[in-house]
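Undergrad: Need coordinates for the below:
(chains A and B)
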Amino acid sequence: DTGVSQDPRHKITKRGQNVTFRCDPISEHNRLYWYRQTLGQGPEFLTYFQNEAQLEKSRLLSDRFSAERPKGSFSTLEIQRTEQGDSAMYLCASSLAQFSGNTIYFGEGSWLTVV
Amino acid sequence: GESVGLHLPTLSVQEGDNSIINCAYSNSASDYFIWYKQESGKGPQFIIDIRSNMDKRQGQRVTVLLNKTVKHLSLQIAATQPGDSAVYFCAETELGATNKLIFGTGTLLAVQP
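TA: Here you go, the predicted structure:
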């Protein structure tokens, strides 16, 4: 499978615990995005990497959230001191930067439930 | 109509009919648009895209129409099949920027056999 891969697919955690999600983008895609989606809503942009550089962060990304892409390949999204409001699906997407049109492909998402 | 929480706009069609899903986008500077299909519990799946220098683009059984004057997109699905049942989202972005996608309100397509 050469699509965007996310792990774990599901995570249940107690409030106050830290969680980390991993994303492996499509090989050679230099752009990587994290989105959050709650039930009944469209995905909302969280952050964006071009290679290893994090170039934009949404105001949705509080101080408890941190994302990395250390070698410009896989990325991790960590949520510290989780709150019930963090319960959502966290989606990773990747694309190849080109001005002719940057088709953006999503992974299957990581479901987070904070209890 | 408006979607609030779990109440997505719903389009119900008979199998074999054509479906038209509409979307209004917000940013006049957006120049690249994508339609995604999302099945329950899965991530958005790319269907078709269109750049702002085009009015129409066709794929296999799908056509996207873009009207920049009124900032409107539509997705036409020919000969709708039960497997087409899903939530459909349009997304807009600006090429040359971060390409972060802004998603519209989804539409639930329900195909009746």
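
Undergrad: going forward, measure contacts between C-alpha atoms and count neighbours the same way
TA: Noted.

Undergrad: Would you pull up the residue in chain B closest to chain A?
TA: Of the residues in chain B, the one nearest chain A is B:Gly43, at a distance of 4.1 Å by C-alpha to the nearest C-alpha.

Undergrad: part of a strand, is that residue?
TA: No - assessed by DSSP: H, G, I helix; E, B strand; the rest coil, B:Gly43 does not belong to a strand; its assignment is coil.

Undergrad: quick one: the strands in chain B?
TA: Counting by DSSP state E, chain B has these strands, from start to end: B:10-14, B:19-24, B:32-38, B:45-51, B:56-58, B:62-67, B:72-77, B:86-93, B:102-103, B:107-112.

Undergrad: right, and those - which one's nearest A:Phe49?
TA: Taking C-alpha to C-alpha as the criterion, strand B:86-93 is the member of the strands of chain B that comes nearest to A:Phe49, at 15.9 Å.

Undergrad: the inter-axis angle of the closest one versus strand B:32-38?
TA: Here strand B:86-93 runs at 160 degrees with respect to strand B:32-38, directions being taken by axes from the mean of the first three to the mean of the last three C-alpha atoms, to 10 degrees.

Undergrad: Leaving out the residues flanking it, which one is nearest to the residue of chain B closest to chain A?
TA: Here the nearest residue to B:Gly43 in space, its sequence neighbours aside, is A:Glu108; by C-alpha to C-alpha, 6 or more residues apart in numbering or on different chains that works out to 4.1 Å.

Undergrad: wait, doesn't the residue of chain B closest to chain A sit right on A:Phe106?
TA: Yes - with the criterion set as C-alpha atoms under 8 Å, B:Gly43 and A:Phe106 qualify as a contacting pair; they are 6.1 Å apart.

Undergrad: Of those two, give the one with the bigger neighbour count.
TA: Under the neighbour definition other C-alpha atoms under 10 Å in any protein chain shown, B:Gly43 and A:Phe106 were set side by side, and A:Phe106 has more, 27 against 23.

Undergrad: how much space between the more buried one and B:Ala97?
TA: Relative to B:Ala97, A:Phe106 is positioned 19 Å away (criterion: C-alpha to C-alpha, to the nearest Å).

Undergrad: Please tabulate the strands of chain B in a markdown table, including the columns mean pLDDT.
TA: A markdown table is the format used below for these (pLDDT from 0 to 100):
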| stretch | mean pLDDT |
| --- | --- |
| strand B:10-14 | 95 |
| strand B:19-24 | 96 |
| strand B:32-38 | 95 |
| strand B:45-51 | 94 |
| strand B:56-58 | 97 |
| strand B:62-67 | 98 |
| strand B:72-77 | 97 |
| strand B:86-93 | 95 |
| strand B:102-103 | 92 |
| strand B:107-112 | 96 |
